[in-house]
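**Student:** model the structure of this input:
(chains A and B)
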Amino acid sequence: GIQVEQSPPDLILQEGANSTLRCNFSDSVNNLQWFHQNPWGQLINLFYIPSGTKQNGRLSATTVATERYSLLYISSSQTTDSGVYFCAVERRGGSEKLVFGKGTKLTVNP
Amino acid sequence: EAQVTQNPRYLITVTGKKLTVTCSQNMNHEYMSWYRQDPGLGLRQIYYSMNVEVTDKGDVPEGYKVSRKEKRNFPLILESPSPNQTSLYFCASGHRGSYEQYFGPGTRLTVT
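**Tutor:** Model (predicted):
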């Protein structure tokens, strides 16, 4: 099946710092989404981004489908950004199942 | 408000006592799915449904049942829960055709 690798696995930042999270995938995809899992366990949709670039406030994402990777940028990080960030993909020709990476655990210290 | 709802949000039960976790969406989505999340194993798909009366197994279907009698509802049934089904469960929905999927708030299940 399709492989999804996220890096780094852990990231510790001071408030106000910027960061880049990476997601590599091993096959062509129809769907790519970024999620934030908050401390209460909820999965929050950040971006639906099978290709191209999107921005939402301090967050932005870019997917280069031909090179099979996606990047999530967090600027001016805040303590509320802490949690685990997941990349999930749906393989082209698949059954719409999302395959999740193992996530990047982000800790933002005040 | 467009949303996926799950009930209950938290449940502690005993081995063998049948239970149902409900999932409902108000976005007229054709596709619905259940995932479980476990430490070290990540999120794995249990069952999915492409439309009413159409369901199929995901990666870890053993010990679970589902039904899709109405478009908006997709309950997850554990006929005889066991401790290895202790997990965080998520329901998801989306339009068919590889569009964005939306996740419910999660159900934290403990089986003793």
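**Student:** find me the pLDDT at A:G93, would you?
**Tutor:** With respect to pLDDT, A:G93 scores 74.
**Student:** what's the burial count for it?
**Tutor:** Close neighbours of A:G93, defined as other C-beta atoms under 10 Å in any protein chain shown, add up to 8. Yep, even glycine has a C-beta here, placed from its N, CA and C like the rest.
**Student:** which parts of chain B sit against chain A?
**Tutor:** B:31, B:33, B:35, B:42-43, B:45, B:48, B:50, B:56, B:58-59, B:88, B:90, B:92, B:94, B:96, B:98-103, B:105-106, B:108 (C-beta under 8 Å from any C-beta of the partner chain).
**Student:** show me those residues that map onto strands.
**Tutor:** Secondary-structure check on the residues of chain B next to chain A using DSSP state E: residues within strands are B:31, B:33, B:35, B:42-43, B:45, B:48, B:50, B:56, B:88, B:90, B:92, B:94, B:101-103, B:108.
**Student:** among those residues, which ones are buried?
**Tutor:** B:31, B:33, B:35, B:42-43, B:45, B:48, B:50, B:88, B:90, B:92, B:94, B:101-103, B:108 (16 or more other C-beta atoms under 10 Å in any protein chain shown).
**Student:** and the helices in chain A, which stretches?
**Tutor:** With DSSP state H as the definition, chain A shows no helices.
**Student:** show me where pLDDT drops low in chain B?
**Tutor:** Low-confidence segments of chain B (pLDDT under 70): B:98.
**Student:** please name the residues that touch the spatially closest residue to B:G16 that is not a sequence neighbour.
**Tutor:** If the residues on either side of it in the chain are set aside, B:G16 comes closest to B:S80, at 5.1 Å by C-beta to C-beta, 6 or more residues apart in numbering or on different chains. By C-beta atoms under 8 Å, 6 or more residues apart in numbering or on different chains, the contact list for B:S80 reads B:T15, B:G16, B:K18, B:G63.
**Student:** next: A:V4.
**Tutor:** Applying C-beta under 8 Å, 6+ apart to A:V4 gives the contacts A:C23, A:N24, A:F25, A:S26, A:C87, A:A88, A:V89, A:V99, A:F100, A:G101.
**Student:** out of those, which is most surrounded?
**Tutor:** Going by other C-beta under 10 Å, A:C87 tops the contacts of A:V4 with 32 neighbours.
**Student:** what bridges to it?
**Tutor:** Beta-bridge partners of A:C87, counted by DSSP bridges, are A:W34.
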